[in-house]
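Undergrad: What would the 3D arrangement of this be:
(2 chains)
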Amino acid sequence: MIDARLLLDDFDATARRLARKGVAPDLLGEARDLAEQRRVQVQQVDAARQARNEVSKRIGALRRDQRKDEADRAQAEAAELGRNLEQIEAGLRETEAALDDTVMRIPNLPADDVPDGRSDADNVVLRTYGYDPSAFEGRDWQPHWDIGERLGILDPERAAKLSGAMFAVLKGDGARLLRGLTSLALDIHRDRYEEIIPPHVVRSEVITKTGHLTKFDTQAYRLRDDELWLIPTGEVALMGMHQGEILAEAELPVRYMAYTTCWRREAGAAGKETRGLQRLHEFHKVELVELCRPEDSEAEFHSLVADAARPLEMLGLPYRVVELCSGDLTFSASRVYDLEVYSPGVDRWLEVSSISLVTDFQSRRGQIRFRREGGPVEFVHALNGSGLATPRVWAAVVEHGLQPDGSVRLPEALVPYAGISVIGGDEEGRR
RNA sequence: GGAGGGAUGGCAGAGCGGCCGAAUGCGAAGCUCUUGAAAAGCUUUGGGAUGCAAGUCCCCGGGGGUUCGAAUCCCUCUCCCUCCGCCA
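TA: Now for the predicted structure:
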């Protein structure tokens, strides 16, 4: 959540910045009014408490001195003050609940140099790597689901039988390919990120405070008999680890990676763009997250983008870096770059990683702070992005590796991890 | 799953319902002394709300209650420890 102070201290500028993200001024005005009301009520409550505390203290002294009559009189007075206090406290509680509710609906402020725009049509392609359109002409490219079924590495019918639409069964070399991809990614990122294997279910508290569970978001699966949720991304577990903590400045930056299964309900999604592995309820991903000092976050963001791109380059996959415009930014992000891999089989660019600079939006909610060397306590900045999301990268490897004889050649860098160089060819490609 | 015990500041560890945001020790920071260091002495050392400030208010695992007043009493949840059961 944003700092409600911004609304009190600098309403116009804040409203202008949020307008770029499509936030209605009404919402902000409502929040500001509530914050103002809260400020007034806090002062009233404090004054009322002070009055009561003073009398209570006097009662203690009088009782010690055996001045019973005076004590009794004071006690009656205190009881009256107490009743009064309760009333204004109730008012304050109401205001705070309403304020909280309202502020929670306000998204993070976009970075000032994020391009203006309303939808993904206004996103900006910053650079493209390894993509030559002519290289894809005049050949019979196939979508990965056709290749996968033909080679027996993908089994959509069994997946549907087990779990329904948007689930996957990978078989044989297909399973091995996924395992190889995750190992490759974990090894690539090992130099900068500490590998974590977290729990895959987390408390309501954790998923709420990472901003992945609000009343407007029904992405996550809940366990029936426990107040626990399946993580929609490893980020939830990794960011949750430091909730409520005050880190030492010297501990920063904290960089973690985790290979986890992710579950998303994806309510409403179905149809053409969900075929094959394009969109799944359950998938595997290597996630990268970072906590750092505010002054470092912009530079760290660009490092994170470069980190997320490294596996794609090693796999020789053409990709492009897209900066999301202000209107397309996710709720909690101040800046987002998407990495999109070109899929020749469906002739589309598929998002394989979304790198977000979240600033202090999550850490304020989750109370993740750090203490400056000999100085004050501040909120850390948070960043996250996929280090490698397996389904779409799996699909891209299969589509790009398709050879005229129908087999799939794996990228060189992947061969040691997958233990094979060709899927579906003659036995020579196998080791 | 069953039975018992616990949760207090960076750590350890006191705390009669009022004088306790909290003794004491350790750790850490600053200062004095010293050529320097050690030792010793002095001082400082949690978070948050509100306020220009002085101040006031809140927080002793979380939430609720009793009371004029709760770290202290009651209820509840979570976590940790010991024992029993189960189990990869």
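Undergrad: Just say helix, strand or coil for A:Val40.
TA: What DSSP: H, G, I helix; E, B strand; the rest coil gives for A:Val40 is helix.
Undergrad: and what of A:Ser332?
TA: Per three-state DSSP, A:Ser332 ends up coil.
Undergrad: now swap in A:Val321 and tell me
TA: Here A:Val321 is recorded as strand under three-state DSSP.
Undergrad: The closest residue to it other than its chain neighbours: how many residues sit nearby?
TA: Distance criterion CB to CB, 6 or more residues apart in numbering; nearest residue to A:Val321, sequence neighbours excluded, is A:Leu126 at 4.5 Å. In short, each C-beta sits where N, CA and C put it, glycine included. By other CB atoms under 10 Å, the residues close to A:Leu126 number 11.
Undergrad: give me the element A:Leu126 is part of.
TA: Per DSSP states H and E, A:Leu126 falls inside strand A:124-129.
Undergrad: So what's the gap between that strand and the chain middle?
TA: Centroid separation for strand A:124-129 versus its chain: 23 Å, with CA atoms, centre = their mean, to the nearest Å.
Undergrad: and what of stretch A:258-268?
TA: Counting by CA atoms, centre = their mean, stretch A:258-268 comes out at 12 Å from the chain centroid.
Undergrad: cool, and stretch A:309-326?
TA: Centre-to-centre, stretch A:309-326 and its host chain are 19 Å apart (CA atoms, centre = their mean).
Undergrad: Touching, A:Phe136 and A:Pro344? I think so.
TA: Yes. Between A:Phe136 and A:Pro344 there is a contact at 5.1 Å, judged by CB atoms under 8 Å.
Undergrad: Show me what from the stretch 201-350 of chain A comes close to RNA strand B.
TA: Counting by CB under 7 Å from any atom of the strand, the residues of the stretch 201-350 of chain A close to RNA strand B are A:Ile246.
Undergrad: What segments of the stretch 201-350 of chain A are helices?
TA: A:204-209, A:234-240, A:297-314 (DSSP state H, counting those that start in this stretch).
Undergrad: and the residue nearest the centre of chain A, what is it in contact with?
TA: The centroid of chain A falls nearest to A:Glu235 when counting by CA atoms, centre = their mean (5.8 Å). Contact analysis of A:Glu235 by CB atoms under 8 Å, 6 or more residues apart in numbering lists A:Thr210, A:His212, A:Glu287, A:Val289, A:Asn384.
Undergrad: Look at the last one and report its pLDDT.
TA: pLDDT recorded at A:Asn384 is 96.
Undergrad: do the same with the second one
TA: Listed pLDDT for A:His212 reads 76.
Undergrad: Isn't A:Tyr129 up against A:Arg320?
TA: Yes. Counting by CB under 8 Å, A:Tyr129 touches A:Arg320, with 6.9 Å between them.
Undergrad: re the thing from before, and the strand holding A:Leu126, what does it pack onto?
TA: helix A:297-314, strand A:319-323 (3 or more CB pairs under 8 Å, 6 or more residues apart in numbering; DSSP states H and E).
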